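[1] Would you be able to build a 3D model of this:
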Amino acid sequence: MLTTLPAAAESLVIVSIAGEAYDGPPSFDLLINDKVIGSGTLNKAIRTEAEGRLFTKPRPNSFLEQFSFTVPDNLLTPDAEVGLVLTNDKYVRKDGMGEDGVLDRNLFVDYVRVNDVEVTSADMVLIHDGDVVHYNYQAGLLPIYEGGYRAVARPPEGGWLSGTVAKVGQAVIPLPLPRPGDLTLGVGLVQE
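    This next block holds a predicted model:
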């Protein structure tokens, strides 16, 4: 008899970010516990040379982009930290250039979603050299202004993989809803 092992379970990680571009768009790495598991480059980043700064625009959310990554569950443990880093920082101050004399490449994080669990920028932290750094949010987004800084989504209570779905292989199966202990299941049958 031939036995087939189930496929490894996977999680879907989606990040929503905006960016500022200078001499090219910003790029980033997605990290799981400091291990790079994916990369991306923003296509809709505002060009600081011609259009100014993201946070001074009336609709900065129009620059948001979503990136999706498939992550094996052996990498995404329930207590894993999901992080984003700017990989190609570039900055120059030139009087008379751009909106405020600053030409820059930056990232602005909106949220990180792991399967159905979303952590918004307000619940994320910015880390540099192991310490939490406090920046003012720009247009409600967590900024990453420099290389070496990491925007981190820490796992929710119970962990990433304890949501309302169970995974079997690559299929997503909803867990049964809890029922009250006194619910009658049929004539003479009561759930205990």
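[2] residues contacting the nearest residue to residue 107 once chain neighbours are set aside?
    Nearest residue to residue 107 in three dimensions, chain neighbours excluded: residue 144, at 4.3 Å (CB to CB, 6 or more residues apart in numbering). Bear in mind the C-beta positions are built from the backbone N, C-alpha and C, glycine included. Neighbouring residues of residue 144 by CB atoms under 8 Å, 6 or more residues apart in numbering: 28, 84, 85, 86, 106, 107, 108, 109, 126, 150, 151.
[3] now do 7 Å
    Contact analysis of residue 144 by CB atoms under 7 Å, 6 or more residues apart in numbering lists 84, 86, 106, 107, 109, 151.
[4] Can you check the pLDDT for it?
    As summarised for this prediction, residue 144 has a pLDDT of 96.
[5] and the gap between it and residue 38?
    16 Å (CB to CB, to the nearest Å).
[6] Check residue 133 too.
    Using CB to CB, residue 133 is found at 24 Å from residue 38.
[7] More neighbours: these two, which one.
    The residue with more neighbours, out of residue 133 and residue 38, is residue 38; 16 against 13, by other CB atoms under 10 Å.
[8] Name whatever forms a beta bridge with the more buried one.
    Beta-bridge partners for residue 38, by DSSP bridges, are residue 30.
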